[in-house]
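> Return atomic coordinates for the entry below.
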Amino acid sequence: MADGELKPEVGVRREDWEAGGFALYVHWPFCQAKCPYCDFNSHVARSIDQGRWARAYEAEIARAAREVPGRVLRSIFLGGGTPSLMEPETVEAVIGAARAAWGFANDIEITMEANPTSVEAERFRGYRAAGVNRLSLGVQALNDRDLRALGRLHSADEAVRAFGVARDTFERVSLDLIYARQGQTPEAWDAELSDALRLVDGDGAGHLSLYQLTIEDGTAFGDRFAAGKLRDLPDEDRAADLWDVTQHLTTRAGLPAYEVSNHAGPGQESRHNLVYWQGGDWVGVGPGAHGRLTLNGQRTGIETERAPGRWLQTVEQGGTGESAREVLSDVEAAEERLMMGLRLTEGVEIGRLSALDGLAERAATLADMGLVEPVDGRLRTTAAGRPLLNAVLRDLLA
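Numbers count the residues shown, from 1 in each chain. I've put the predicted structure just below:
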């Protein structure tokens with residue numbers, strides 16, 4: 001297909017899991033404290049029966065494998081919550097259950113999210129021995145004032161030390177930061193991000209997840225914002241300047257954006273998240289985990305019980321933690337592919353959007369505005385359109 005021409009009806013029809021791969025997401029719902037900006041399904045608990053939780057995860061993985069046998073796992077992601085509160089033995093049990101359930105790709109990526117407190121850093125070697133080969137470290141800020149404002153329990157020095165331990169322990173490490181914070185100037189973000197880039201890797205071999213702070217309903221920040229007590233958040237102009245600083249520094253360091261909020265050197269992209277963004281299939285295990293599976297040719301969304309105690313009880317007594325499933329229509333599946341795929345710098349395959357009537361005309365209008373472009377059979381945002389992704393998607397899905 002020639003550049004500048006959008007023909008959604010052209011393309012090879014494939015099962016989603018074949019096109020995007022197959023993954024396992026495991027949700028650990030517990031944290032030491034609830035961060036004020038967080039709207040994830042996370043809970044503070046005094047005591048956790050890790051053996052009981054390990055057995056429940058094993059049972060759910062085995063149940064999923066009976067429904068989708070014979071697949072090859074591209075990645076496992078232990079998210080949360082704070083998965084680095086799991087005992088290494090619990091992690092080993094989860095990975096072992098996945099290995100027994102499905103084949104592993106030769107280059108399988110097994111990622112764990114972790115917080116850089118000193119206690120958790122001591123566990124890193126145990127996680128590596130259990131099979132984890134990639135760590136995603138939730139640093140969030142590199143100065144103590146902003147860490148306190150974000151409700152984080154670690155200091156900037158602890159974060160730097162933990163990152164060093166992680167780099168010595170795991171094959172791959174990603175560092176997470178939140179920007180567009182209260183009172184943050186482009187100059188301050190330039191200095192902080194420059195420090196992070198030097199920490200991650202100066203030769204372009206690292207990975208950074210850089211998220212703009214969003215105020216979500218139902219969070220402590222959301223309540224403060226509604227009460228007018230969360231002041232000096234960036235306006236649109238300052239947020240745009242912070243975005244420009246982010247793109248400039250990461251590109252110059254050899255870690256350009258491959259997704260709206262993720263930056264990596266060649267080959268360092270998150271294989272797990274690529275399964276989401278490229279429209280693959282994944283099993284979701286644990287309280288509040290979501291899954292997407294192609295079953296009998298139909299894209300199916302699966303939800304699980306959100307409350308940790310209720311999820312555990314339903315697995316043990318009812319044989320499943322699943323709470324709902326829905327078969328997506330062809331239009332709904334294509335809309336989801338578009339929303340996820342346009343997050344990627346490379347864009348989304350046009351041939352997988354054929355169910356969206358009128359897409360070609362809407363995309364042509366946005367292309368004339370310089371916001372999207374069709375290239376080599378894919379639709380992608382331009383550099384100008386990427387920071388306006390939500391508006392672009394609204395127009396494409398109108």
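> shaky segments in this protein?
Where the chain drops to pLDDT under 70, the residues are 1-19, 33-43, 118-119, 202-205, 215, 219-225.
> Domain-wise, how is it divided?
Per the record, the chain has its domains at 22-277, 281-396, by automatic domain parsing.
> which residue ranges form the strands in the stretch 201-350 of the chain?
Here the stretch 201-350 of the chain has its strands, by DSSP state E, counting those that start in this stretch, at 207-212, 257-259, 262-264, 281-285, 290-295, 298-304, 322-327, 348-349.
> Oops, could you answer that again for the stretch 51-200 of the chain instead?
For the stretch 51-200 of the chain, the strands defined by DSSP E, counting those that start in this stretch occupy 72-80, 103-114, 134-140, 172-179.
> so can I have a markdown table of the ones you listed showing mean neighbour count and distance to Asp201?
Yep, even glycine has a C-beta here, placed from its N, CA and C like the rest. Output for these, formatted as a markdown table (neighbours: other Cβ atoms under 10 Å; distance: least, Cβ to Cβ, whole Å):
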| stretch | mean neighbour count | distance to Asp201 |
| --- | --- | --- |
| strand 72-80 | 23 | 21 |
| strand 103-114 | 19 | 17 |
| strand 134-140 | 24 | 13 |
| strand 172-179 | 22 | 9 |
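> Ok, which of these comes nearest Glu192?
strand 172-179 (7.6 Å; Cβ to Cβ).
> List the contacts of the residue most central in space within the chain.
Nearest to the mean C-alpha position of the chain, counting by Cα atoms, centre = their mean, stands Asn273 at 5.4 Å. Each residue near Asn273 by Cβ atoms under 8 Å, 6 or more residues apart in numbering is listed here: Glu259, Asn262.
> just to revisit the earlier point, the strands of the stretch 51-200 of the chain into JSON lines, with extra columns for distance to Leu359?
Formatted as JSON lines, these follow (distance: least, Cβ to Cβ, whole Å):
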{"stretch": "strand 72-80", "distance to Leu359": "28"}
{"stretch": "strand 103-114", "distance to Leu359": "32"}
{"stretch": "strand 134-140", "distance to Leu359": "34"}
{"stretch": "strand 172-179", "distance to Leu359": "33"}
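> Minimum distance to Met86: which of these has it?
Of all those, it is strand 72-80 that lies closest to Met86, at 7.2 Å by Cβ to Cβ.
> Could you export that closest one as PDB, CA atoms only?
Extracted in PDB, the C-alpha atoms of strand 72-80 (Å, rounded to 0.1, in the frame of the first residue of the first chain):
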ATOM      1  CA  VAL A  72       3.700 -20.300  24.000                       C
ATOM      2  CA  LEU A  73       4.200 -17.700  26.600                       C
ATOM      3  CA  ARG A  74       6.100 -14.600  25.400                       C
ATOM      4  CA  SER A  75       6.100 -12.900  28.800                       C
ATOM      5  CA  ILE A  76       5.000 -13.100  32.500                       C
ATOM      6  CA  PHE A  77       4.400  -9.800  34.400                       C
ATOM      7  CA  LEU A  78       4.100  -9.700  38.200                       C
ATOM      8  CA  GLY A  79       2.200  -6.400  38.800                       C
ATOM      9  CA  GLY A  80       0.300  -4.800  41.600                       C
END
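> Adjacent strands (with direction) for it?
Note on strand 72-80: by DSSP bridges, its sheet partners are strand 22-28 (parallel), strand 103-114 (parallel).
> tell me the contacts of Pro308?
Pro29, Phe30, His43, Ala45, Pro287.
> now the nearest residue to Glu322 once chain neighbours are set aside: how far from Ala45?
Counting by Cβ to Cβ, 6 or more residues apart in numbering, Thr304 is the residue found nearest to Glu322 once chain neighbours are left out, at 5.6 Å. Per Cβ to Cβ, to the nearest Å, Thr304 is found 18 Å from Ala45.
> So between the two, which is more surrounded?
Thr304 (24 against 12; other Cβ atoms under 10 Å).
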